[in-house]
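Asks: I would like the atomic coordinates for the input below:
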Amino acid sequence: MGRSSHTVTGGIWALSAVLALGLGAAVRADGVETRDFSTYIDGASAGAYRMTITRKEDGSITMAGEANIKVTKLGITGYSYTYKGTEVWANRRLVSFESKTDDDGTKYNVRATAEKNGIRLTVNGNDRMVRSDVWITSYWQLLEARRRDKSIPLLDADEGRTLTGAMRDVGIERITIAGQVCNCAHYRITGPNTVDAWYDGQDRLVRQEWQEKGHKVQMVLTSVKR
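Replies: This next block holds a predicted model:
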């Protein structure tokens, strides 16, 4: 879940929490890691997003994300959003991606599969070829250093749109994540919308912020479980 041009009440990732293991702990070459996030709009709780990352001995990584967002006012639901997506990566390249999104009644089915000459992208039954080096807008893992000073082809996780973005290093900042103070790398990702993202020493996304239609949207890591 996640995109570079979000709506205030949609395109937000969700997670719940289990007691965190240390954020500074080394990432194993294999095994399963669960990351839980809380999402806020203008400081008010808006839902949760869970990422489940599975690392295999062959070096491939699968990230499954699941979100459930509901915005209410005076007890009445004004907006709902659900997302399920699975990314498979090998050697920092996308192998496959599949997502289903219900954005307040508007539904998207996205599938992407790596082929010899690029990635075959199918959105609601319509397919086309896109670049093989796309970065999905879940932003769950920091882009490798050699690609950060160039234009970045983005694949919108929700709607399957292809976009062009750029990344700027803002600097190292000490922030509190899951009850721990840690040094995190702050990056600003620009494109149709500007997204600020923070990553820990293991290149894991721990916080994300953006403005949408005058509203401040935040996604904050609350726990990591292995």
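Asks: when you work out contacts or count neighbours from here on, use the C-alpha atoms and nothing else.
Replies: OK.
Asks: just the C-alphas of the host helix or strand of T52, formatted as PDB.
Replies: Secondary structure assignment for T52, by DSSP states H and E: strand 44-55. Extracted in PDB, the C-alpha atoms of strand 44-55 (Å, rounded to 0.1, in the frame of the first residue of the first chain):
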ATOM      1  CA  ALA A  44      -6.100  12.000  14.800                       C
ATOM      2  CA  SER A  45      -5.900   8.200  14.500                       C
ATOM      3  CA  ALA A  46      -7.100   7.000  11.100                       C
ATOM      4  CA  GLY A  47      -6.200   3.300  10.900                       C
ATOM      5  CA  ALA A  48      -3.400   0.800  10.800                       C
ATOM      6  CA  TYR A  49      -1.100  -0.900   8.300                       C
ATOM      7  CA  ARG A  50       0.900  -4.200   8.600                       C
ATOM      8  CA  MET A  51       3.900  -5.200   6.600                       C
ATOM      9  CA  THR A  52       5.100  -8.800   6.700                       C
ATOM     10  CA  ILE A  53       8.600  -9.200   5.200                       C
ATOM     11  CA  THR A  54       9.800 -12.700   4.400                       C
ATOM     12  CA  ARG A  55      13.500 -13.200   3.500                       C
END
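Asks: tell me the buried residues in whichever helix or strand comes after that strand?
Replies: For strand 44-55, the following helix or strand on the C-terminal side (DSSP H and E) is strand 61-73. Across strand 61-73, burial judged by 16 or more other Cα atoms under 10 Å covers 61-71.
Asks: and strand 61-73, which strands flank it?
Replies: Sheet pairing for strand 61-73, assigned by DSSP bridges, gives strand 44-55 (antiparallel), strand 76-90 (antiparallel).
Asks: and the strand holding T52, how far from the chain's centre?
Replies: 9 Å (Cα atoms, centre = their mean, to the nearest Å).
Asks: now stretch 67-79: average pLDDT?
Replies: The pLDDT scores in stretch 67-79 average 79.
Asks: stretch 167-174 now?
Replies: Rounded mean pLDDT across stretch 167-174 is 96.
Asks: touching that stretch from outside, list them.
Replies: 148-152, 181-190 (Cα atoms under 8 Å, 6 or more residues apart in numbering).
Asks: from Q208, how far out is the residue lying closest to V123 once chain neighbours are set aside?
Replies: Spatially, and ignoring its direct neighbours in sequence, V123 is nearest to V110 (4.6 Å; Cα to Cα, 6 or more residues apart in numbering). Between V110 and Q208 the distance is 23 Å, computed by Cα to Cα, to the nearest Å.
Asks: of these two, which one has the most company?
Replies: Counted by other Cα atoms under 10 Å, V110 and Q208 do not tie: V110 has more neighbours, with 24 against 21.
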